[in-house]
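In: kindly return the folded structure for what I paste below:
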Amino acid sequence: MSLVEKIKNLFGFMPADQQPSSESKPDPSPRSEPVITTPTPAPSGPPPAAQRREQVMRFIVSKLRAYQNEPETAPVGLRLGVLCANSEEEELYRVALWANQPERFQHELNRQLADNYITLPKNWQFEYTLSADELPDSTYREGNLSLVVIDKSKPDGTLLLGKIVTLVGQTEQAEYVLNPAQKATFAIGRGHTTQTTSGRVRTNDIVILNDDDPGFDSQKGEGNAAVSRAHATIRYDVGQKRYVLLVDAGGLPASGNKTKIMHPDNSVERADIAGMVYPLQDGDQIEMGGEVMLLFTLL
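Out: Prediction:
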């Protein structure tokens, strides 16, 4: 090696053919493929506690519709029962009912009742119980919720069961049990459903059969064409603890149909005023369209 080459080596200079290639130079840090992650979408809608709160509010409001525009008979107290499947659900309902702010839920419920024309007394009471075993005896029950309505004259909140039996005409069932714990109103009409003038679909609970309905028996007579698809409604009046009949638009004389109530004392009451409440007695017979006769009894 010449003196010049020694000096070059000493100062780190190398010939071009001896310098390491960038292509063969090892990468000190291994490269990995980038990981593409899909962002988790944020949950939509109200939180679970708010959903349970809305569920409870709807339940109570629906069961108190019998008190619309009747503040003089409104209940003085409500007892809510909630059946919880586990401790997590129990805690969820505690949040929904604002357990740490006892008056807040009652205030909000009072507002929603007022929006539905249901006015309770000034100092009405509200309480609730959360149970893991079974719901307590109650006035109303729906799913995992129960409600006891405390009335001034009937503090026990017990209910009366009723029954409708078909005497003349054809109905889907020979008899219907009226249980206010399940619902407070029972629509009567021809066919299962019909659309009202407002566009709402009405579902009949006591179904008068059409000629083309399954179960119609031509051997038992002709179809009940004189009965309207939205003829009448039986409602349980919680405050008065009685059943009443209301004639819907299709059951009024203006629609060419008639509705009568024949009482056990042989007196006959024409039900021909829209919005009028006609109290029902045990043993009343309800005639609709001159073709159908239903017997109302208390159980």
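In: residue ranges in the stretch 51-200 of the chain under the pLDDT threshold?
Out: 152-157, 196-198 (pLDDT under 70).
In: can you give the contact residues for stretch 82-100?
Out: Under the criterion Cβ atoms under 8 Å, 6 or more residues apart in numbering, residues 48-50, 52-53, 56, 104-105, 128-135, 144-146 lie in contact with stretch 82-100. For glycine as for every other residue, the C-beta is placed from the backbone atoms N, C-alpha and C.
In: buried stuff in that stretch?
Out: 82-84, 89, 92-94, 96-98 (16 or more other Cβ atoms under 10 Å).
In: same check, this time on stretch 72-80
Out: Along stretch 72-80, these residues count as buried under the neighbour rule (16+ other Cβ under 10 Å): 74-75, 77-80.
In: put the alpha carbons of it into CSV.
Out: Presented in CSV, the C-alpha positions along stretch 72-80 are these (Å, rounded to 0.1, in the frame of the first residue of the first chain):
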residue,chain,number,x,y,z
GLU,A,72,-112.3,16.1,40.6
THR,A,73,-111.8,12.3,40.4
ALA,A,74,-108.0,12.3,40.0
PRO,A,75,-106.0,10.0,42.2
VAL,A,76,-104.2,11.4,45.3
GLY,A,77,-101.2,9.1,45.0
LEU,A,78,-99.3,6.7,42.7
ARG,A,79,-97.1,3.7,43.7
LEU,A,80,-94.8,2.5,40.9
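In: just put the buried residues of stretch 72-80 in a markdown table and tack on distance to residue 293 and secondary structure.
Out: Rendered in a markdown table, the data for these read as follows (distance: Cβ to Cβ, whole Å; DSSP: H, G, I helix; E, B strand; the rest coil):
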| residue | distance to residue 293 | secondary structure |
| --- | --- | --- |
| 74 | 35 | coil |
| 75 | 35 | coil |
| 77 | 40 | strand |
| 78 | 39 | strand |
| 79 | 40 | strand |
| 80 | 41 | strand |
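In: re earlier: mind checking which of the buried residues of stretch 82-100 land in strands?
Out: If you go by DSSP state E, those have 82-83 in strands.
In: what about the buried residues of stretch 82-100, which are in helices?
Out: If you go by DSSP state H, those have 89, 92-94, 96 in helices.
In: returning to what we had before: from the buried residues of stretch 82-100, which two are the most distant?
Out: 83 and 98 (19.5 Å; Cβ to Cβ).
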